[in-house]
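Q: Sequence first, then the predicted structure, then my questions.
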Amino acid sequence: MSSELTSQKALFKAVYKLMRSLVRILLRNGVPYGAFTDIAKRAYVDVAMKEFGVPGKKQTNSRVATITGLSRKEIQRVISLNLSGDQEKDMVVRYNRAARVVYGWVHDRTYAGQDGDSAILPFEGDTPSFSSLVRTYSGDVPPRAILDELLQVGVAQRLDNGNIKLLERAYIPTKGEAEKLVLLGRDVAGLISTMDKNIHGVHDILYFQRKVFYDNLSEEAAVEFHEFLLNKGQPLLEEFDQWMAQRDRDVNPDAGGSGRKAVGVGLYYFEEELQQDPPESSS
């Protein structure tokens, strides 16, 4: 068997495994196969249009049809589908703005209490207040909009006296189904893009990609490791967060530099149930 066929077989197997996880989410959210095919066709057309053109020539529907296997009529139909509406864009903006507010609340000493932790803030008033925090770290977005977002996803709590308490040290939605699904698209896409770079990239520009995995841990060890990860992983991510925030020109306008890059790193825990090997019989 040629190396090309071997690679294609490995790719199909990998895509099938990836698709099983994705289909589970689609079915859980009531998305039928027909709707998924339209999304897949649109992705094929978008990528072919933007990334697989002939250098020096304008990309055409005919060439896209050739490399995707779709008819020109079908290409025109899926192009007209509205799959990236304002709602998702608004969610991404809210995500970025809210994340910066949480960063300031955690790291800016102006918004720390006497114990050094994030202070409980009044909504209005002079610095430190929640409104001044939002003005400092989120620009012209109304403080009420940021508060609603943080309350919705379970990162903050409004106390009986009206003050605002931070519940999480990072913007990780614990409620808000739509917000979690937006993160699905952003985070998984980032991982796949990194793997694509490392499969096809030049050796000296490979992206960092590492994993630790063992397949014979007990249930008790899995629970223990998850707790270990929470204790070790969160401070590490906060260190990364602080380093990047100091160089992000939205948070720090004096950071300077040329161009514009979106840069991130993620840690995630996973586990799956494996069948236990039968005990060996004694002779």
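A: Nice, I can see it.
Q: residue boundaries of the strands in the protein?
A: Ranges of strands within the chain are 156-158, 164-166, based on DSSP state E.
Q: Just put those strands in JSON lines and tack on mean pLDDT and mean neighbour count.
A: (C-beta placed from N, C-alpha, C; glycine too.) Below are the strands of the chain laid out as JSON lines (pLDDT from 0 to 100; neighbours: other Cβ atoms under 10 Å):
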{"stretch": "strand 156-158", "mean pLDDT": "94", "mean neighbour count": "17"}
{"stretch": "strand 164-166", "mean pLDDT": "95", "mean neighbour count": "18"}
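Q: Now tabulate those in CSV and tack on distance to Asn61.
A: Formatted as CSV, the strands of the chain follow (distance: least, Cβ to Cβ, whole Å):
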stretch, distance to Asn61
strand 156-158, 48
strand 164-166, 51
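Q: and of the ones you listed, who's closest to Thr127?
A: Thr127 sits nearest to strand 164-166 of all the strands of the chain, at 14.3 Å, using Cβ to Cβ.
Q: What's the separation between Val78 and Ala65?
A: Remark: distance between Val78 and Ala65 (Cβ to Cβ, to the nearest Å) = 12 Å.
Q: Gly257: which of the strands of the chain is closest?
A: Using Cβ to Cβ as the measure, strand 164-166 is the one of the strands of the chain that comes nearest Gly257, at 30.4 Å.
Q: So which other helices or strands are in contact with the closest one?
A: Packing partners of strand 164-166 (3 or more Cβ pairs under 8 Å, 6 or more residues apart in numbering; DSSP states H and E): helix 86-107, strand 156-158.
Q: And these, which one averages the lowest pLDDT?
A: Among these, helix 86-107 carries the lowest mean pLDDT, at a mean of 71.
Q: Please tell me how far the residue lying closest to Pro128 once chain neighbours are set aside sits from Glu74.
A: Distance criterion Cβ to Cβ, 6 or more residues apart in numbering; nearest residue to Pro128, sequence neighbours excluded, is Tyr111 at 4.9 Å. According to Cβ to Cβ, Tyr111 stands 54 Å off from Glu74.
Q: The two: which is more packed in?
A: Neighbours were tallied for Tyr111 and for Glu74 using other Cβ atoms under 10 Å; the higher tally belongs to Tyr111 (22 against 16).
Q: how deep is Leu151 tucked in, by neighbour count?
A: Leu151 has 16 nearby residues by other Cβ under 10 Å.
Q: any idea how far the nearest residue to it once chain neighbours are set aside lies from Val101?
A: Residue nearest to Leu151 in three dimensions, not counting chain neighbours: Arg158, with 6.4 Å by Cβ to Cβ, 6+ apart. Distance, Arg158 to Val101, by Cβ to Cβ: 15 Å.
Q: same question, Ala178
A: Noted for Ala178: a distance of 19 Å to Val101, by Cβ to Cβ.
Q: before we move on, what about Lys73?
A: Separation of Lys73 from Val101 (Cβ to Cβ): 47 Å.
Q: Settle it for me: which of these two has more neighbours?
A: The neighbour comparison of Lys73 against Val101 (other Cβ under 10 Å) goes to Val101, with 27 against 9.
Q: For the more buried one, which residues are in contact?
A: By Cβ atoms under 8 Å, 6 or more residues apart in numbering, the residues touching Val101 are Leu133, Val134, Tyr137, Ser138, Ile146, Leu150.
Q: show me the contacts for the residue nearest to Pro128.
A: Tyr111 makes contact with Gly104, Trp105, Ser118, Ala119, Leu121, Pro128, Leu133 under the criterion Cβ under 8 Å, 6+ apart.
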